[in-house]
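Trainee: return a 3D structure for these sequence lines:
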Amino acid sequence: MAPAFAGLGLSLASCATAPVAPDVTTSLPVPVSTVPAGMQYLYGSGEAGALQQTVFHALIAYATEKAAHRSADSVVLAAGSPLVHATFVPCGAKPLAAVFDADETVLLNLGFEADEAAHPGRAYDEARWQRWERTGVGAVAAVPGAVHAFDDLRTLGVTVIVNSNRSTANAASTAAALKAAGLGDFRAGDTLLTRDAGAPSGKDARRAAIAARYCVIAMAGDQLGDFSDLFAMPMPVPVRRQLAVHSSAAGLWGKGWFVLPNPVYGSALRGGPDDVFPADRRWTPAP
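Mentor: Residues are numbered from 1 along each chain as shown. The predicted structure is shown next:
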């Protein structure tokens, strides 16, 4: 009997010879039962791959239009601007750029997360993450759609910049990981901005530095903090959601600001039942 995927133009041979990341660890295979649902979705599902490519297709379409018809303002919030009735850094005659977060936006940390899945319940260890930044170059992959998006942006004359909270001390390894994933060359302190030791995790200062040099026509990330530090201010979960969908930000999603899915970690994974499910939208099945 022919394999179920024969009609897709695939074969066991082609699947067997598909490129894979080199094995850089000695971890045992991850039993499927230990893979958290969020990881199954983000790193394994066709649905996540389709959504990621959807985002990058939309970003390229938007950037193509903006490269042809420049706007007066960038998509970086001006210093001191609120999210309600927001104002933005003017473009002037500055060259065009698009700004991306690294982890789970353009780079999938497959090796690190496989090791996480193999050790359920283990607490996050910053020292272990730093070791991953330094040594995990061969166990990453590009987010689906990112390579083509970067190629298209560069063809349009748009500078691709990565603004990451990875450590500046490991910037050379991060640049190597981006290159290994097929995302091109990045220069630390220029097209790759990272977090200095002891610096806060917010990215606004780095965004401002980029916007001073470039007209930023698009930004992409997997956390709302990849667009403005205002989303990281202490606030109840429902208020943060309202800020994302009812402030000036609402008009930017897909129109300058592009969000990639991340159900594995980050600022989105918060909230108890009263935060997530409004009291006037509860349902109890009849006996």
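Trainee: so which residue is smack in the middle of this structure?
Mentor: With distances taken as CA atoms, centre = their mean, Thr105 lies nearest the centre of the chain, 2.0 Å away.
Trainee: that residue against Gly225, yeah?
Mentor: No - here Thr105 does not reach Gly225: they are 11.7 Å apart, not a contact under CB atoms under 8 Å. Placement of C-beta: from N, CA and C, glycine included.
Trainee: can you show me the helices along the protein?
Mentor: All helices of the chain, identified by DSSP state H, fall at 12-16, 37-39, 46-68, 110-118, 126-135, 146-155, 171-180, 204-213, 237-246, 273-276.
Trainee: could those helices go into CSV alongside mean neighbour count, mean pLDDT and distance to Leu252?
Mentor: Listed next are those as CSV, based on neighbours: other CB atoms under 10 Å; pLDDT from 0 to 100; distance: least, CB to CB, whole Å:
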stretch, mean neighbour count, mean pLDDT, distance to Leu252
helix 12-16, 9, 41, 39
helix 37-39, 15, 97, 26
helix 46-68, 17, 98, 11
helix 110-118, 19, 96, 29
helix 126-135, 14, 97, 30
helix 146-155, 19, 98, 18
helix 171-180, 20, 98, 25
helix 204-213, 17, 98, 14
helix 237-246, 15, 96, 10
helix 273-276, 11, 95, 24
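Trainee: let's have the ones you listed in a markdown table, adding distance to Ala78.
Mentor: Converted to a markdown table, the helices of the chain look like this (distance: least, CB to CB, whole Å):
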| stretch | distance to Ala78 |
| --- | --- |
| helix 12-16 | 50 |
| helix 37-39 | 35 |
| helix 46-68 | 18 |
| helix 110-118 | 36 |
| helix 126-135 | 32 |
| helix 146-155 | 24 |
| helix 171-180 | 28 |
| helix 204-213 | 9 |
| helix 237-246 | 17 |
| helix 273-276 | 31 |
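Trainee: nearest to Val99, of the ones you listed?
Mentor: Of all the helices of the chain, helix 204-213 sits nearest to Val99, with 5.9 Å by CB to CB.
Trainee: what's in contact with that closest one?
Mentor: With contact meaning CB atoms under 8 Å, 6 or more residues apart in numbering, helix 204-213 is reached by 74, 76-77, 79, 89, 94-95, 97, 99, 161, 163, 193, 216, 219, 228-229.
Trainee: so of those, which ones are in strands?
Mentor: 74, 76-77, 89, 97, 99, 161, 163, 193, 216, 219 (DSSP state E).
Trainee: between these, which is nearest Ser247?
Mentor: Leu77 (11.0 Å).
Trainee: hang on, the earlier thing: are any of the contacts of helix 204-213 buried, and which?
Mentor: Buried members of the contacts of helix 204-213, scored by 16 or more other CB atoms under 10 Å, are 74, 76-77, 89, 94, 97, 99, 161, 163, 193, 216, 219, 228-229.
Trainee: I figured Thr87 hits Val75, correct?
Mentor: No - using CB under 8 Å as the test, Thr87 is too far from Val75 to be in contact (11.7 Å).
Trainee: farthest pair within the contacts of helix 204-213?
Mentor: Greatest spacing in these, by CB to CB: Pro95 and Asp229 (24.9 Å).
Trainee: report the contact partners of the residue nearest to Thr168 when sequence neighbours are not counted.
Mentor: Spatially, and ignoring its direct neighbours in sequence, Thr168 is nearest to Thr194 (4.4 Å; CB to CB, 6 or more residues apart in numbering). The contact partners of Thr194, by CB under 8 Å, 6+ apart, come to 164-168, 170-171, 174, 188.
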